[in-house]
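J.: What would the 3D arrangement of this be:
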Amino acid sequence: MMNPIIRVRDAAFPRFRGPDLDEMERYLLDFGMRRSARTESALYMRGTDRAHHVHVTHVGDSAFLGIAFEANSGADLDVLAEATGASVEMLDEPGGGRVVHLSDPDGRQVDVVHGIATLEPLPLQTHPPLNSGLARPRANTLQRVEAGPAQVKRFGHAAIKTTSLAEVARWYQEHLGLLASDDVYVEEPDKPVGRFLRCDRGSDAADHHTLLVLETPEAKLGHAAWEVHDFDDLMVGHDHLGRTEGYRHYWGIGRHVLGGQIFDYWKDPLGFTVEHWTDSDLLTAEVPAGSHLIFDALNQWGPNPPPDLDF
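T.: The predicted structure follows:
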């Protein structure tokens, strides 16, 4: 097992660039986020949890810029900066905080942040418990689900594509302490084409993956994914986006094998794939990595992937 420079706590937010902040804000409101802050040059959107923002769009030509990860402490930023030759800087953005700016082997911006201001959680529309064949706890309470956008809680993970899986995955493991959860392969297990990586929280369970690295002919974003409250929330969010003219549904609704999430993929106004998900598998650090034929690892139920699968 490698000894990483630091171990990050979680993914924080992705950074995009786009020409029209009004269009992006309209879409993200329908996707289930709320505005946290907006300047002349950037839009910051939040979820219902305490994070100041879970999505950033800077003004400019359409592009995916990179991902920010949350450090466990300010001291970890100092350790990371010393080991990489970078510096710890103040974040000149709404929410403040401190950051170490890095670039992964493909040139993506990787921000490791700490101390960004938190906000009061937003009210969450919860649902009564589910009755099942084994347990029926809901009596004299009617199940009624309000229509409207999903309730995005937090940024959960991203899939990135690279021409060198081994190099890029190793970089994230060495610099950020990510652990391998599962490899996927096409021909042989010792020739993986994808690696699911999770945060190392020791005995505290973490999402099955915070980052999926896939080897492809070009380096780019596969998708970015946000957790929503529950299954009903994902479904009403699906209906809300589907009723809004101009929004493109991409894949779902289904349940993944690796990660176990119920998923629903859409295309944002920049053409990037974005995902609502709920009910992820959680793993502690002691769980060893697995290996799976990729065709057996996509979904347990739901529609087949689209012919132009680009996630």
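J.: Please confirm that Leu130 is located within a helix.
T.: No. When classified by DSSP: H, G, I helix; E, B strand; the rest coil, Leu130 is found to be coil rather than part of a helix.
J.: what about the stretch 101-250 of the chain, any weak spots by pLDDT?
T.: By pLDDT under 70, the stretch 101-250 of the chain has no low-scoring segment.
J.: any chance you could map the helices in it?
T.: With DSSP state H, counting those that start in this stretch as the definition, the stretch 101-250 of the chain shows helices at residue ranges 165-176, 231-242.
J.: which residues are in contact with the first one?
T.: Same thing as helix 165-176. Under the criterion Cβ atoms under 8 Å, 6 or more residues apart in numbering, residues 2, 4-8, 69, 80, 84, 102, 104-106, 110, 112, 160, 162, 178-180, 192-195, 197, 211, 213-215 lie in contact with helix 165-176. In this view, the C-beta of every residue, glycine as well, is placed from N, C-alpha and C.
J.: For PyMOL, what selects the buried ones among the residues you listed?
T.: Isolation of the buried members of the contacts of helix 165-176 (16 or more other Cβ atoms under 10 Å) is achieved in PyMOL through the command below:
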select buried, resi 4+5+6+7+8+69+80+102+104+106+110+112+160+162+178+179+180+192+194+195+197+211+213+214+215
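J.: where along the stretch 1-150 of the chain do the strands fall?
T.: Using DSSP state E, counting those that start in this stretch, the strands of the stretch 1-150 of the chain run over residues 10-18, 34-38, 42-46, 55-59, 63-70, 88-90, 98-103, 109-114.
J.: So which of these is nearest Trp301?
T.: Nearest to Trp301, of all the strands of the stretch 1-150 of the chain, is strand 10-18, at 26.4 Å by Cβ to Cβ.
J.: the inter-axis angle of that closest one versus helix 165-176?
T.: Interaxial angle, strand 10-18 versus helix 165-176 (axes from the mean of the first three to the mean of the last three Cα atoms, to 10 degrees): 120 degrees.
J.: now for strand 10-18, which elements pack on it?
T.: If contacts are counted by 3 or more Cβ pairs under 8 Å, 6 or more residues apart in numbering; DSSP states H and E, strand 10-18 sits against strand 55-59, strand 63-70, strand 109-114, strand 152-162.
J.: before we move on, back to that, how about the strands of the stretch 1-150 of the chain, which one is nearest Val186?
T.: strand 63-70 (25.2 Å).
J.: Now do Phe295, the pLDDT please.
T.: At Phe295, the model reports a pLDDT of 89.
J.: Quick check: end-to-end length of stretch 104-118?
T.: End-to-end span of stretch 104-118 (Cα to Cα, to the nearest Å): 27 Å.
J.: Please shift the residue numbers so they start at 72 in all later answers.
T.: With 72 as the first residue, the last one maps to stretch 175-189.
J.: Using JSON lines, lay out the helices of the stretch 172-321 of the chain together with mean neighbour count and distance to Ala108.
T.: Output for the helices of the stretch 172-321 of the chain, formatted as JSON lines (neighbours: other Cβ atoms under 10 Å; distance: least, Cβ to Cβ, whole Å):
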{"stretch": "helix 236-247", "mean neighbour count": "19", "distance to Ala108": "26"}
{"stretch": "helix 302-313", "mean neighbour count": "19", "distance to Ala108": "23"}
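J.: List just the one of those that sits closest to Val255.
T.: Here helix 236-247 is closest among these (Cβ to Cβ), at 10.3 Å.
J.: what about dumping the CA coordinates of that closest one to PDB?
T.: What follows is helix 236-247, C-alpha atoms only, in PDB (Å, rounded to 0.1, in the frame of the first residue of the first chain):
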ATOM      1  CA  LEU A 236      -5.200   5.100 -16.700                       C
ATOM      2  CA  ALA A 237      -2.200   3.800 -14.600                       C
ATOM      3  CA  GLU A 238      -0.400   7.200 -14.500                       C
ATOM      4  CA  VAL A 239      -3.500   9.300 -13.700                       C
ATOM      5  CA  ALA A 240      -5.000   6.900 -11.100                       C
ATOM      6  CA  ARG A 241      -1.600   6.600  -9.400                       C
ATOM      7  CA  TRP A 242      -1.300  10.400  -9.300                       C
ATOM      8  CA  TYR A 243      -4.600  10.800  -7.400                       C
ATOM      9  CA  GLN A 244      -3.700   7.900  -5.100                       C
ATOM     10  CA  GLU A 245      -0.300   9.300  -4.300                       C
ATOM     11  CA  HIS A 246      -1.300  13.000  -3.900                       C
ATOM     12  CA  LEU A 247      -4.800  12.700  -2.400                       C
END
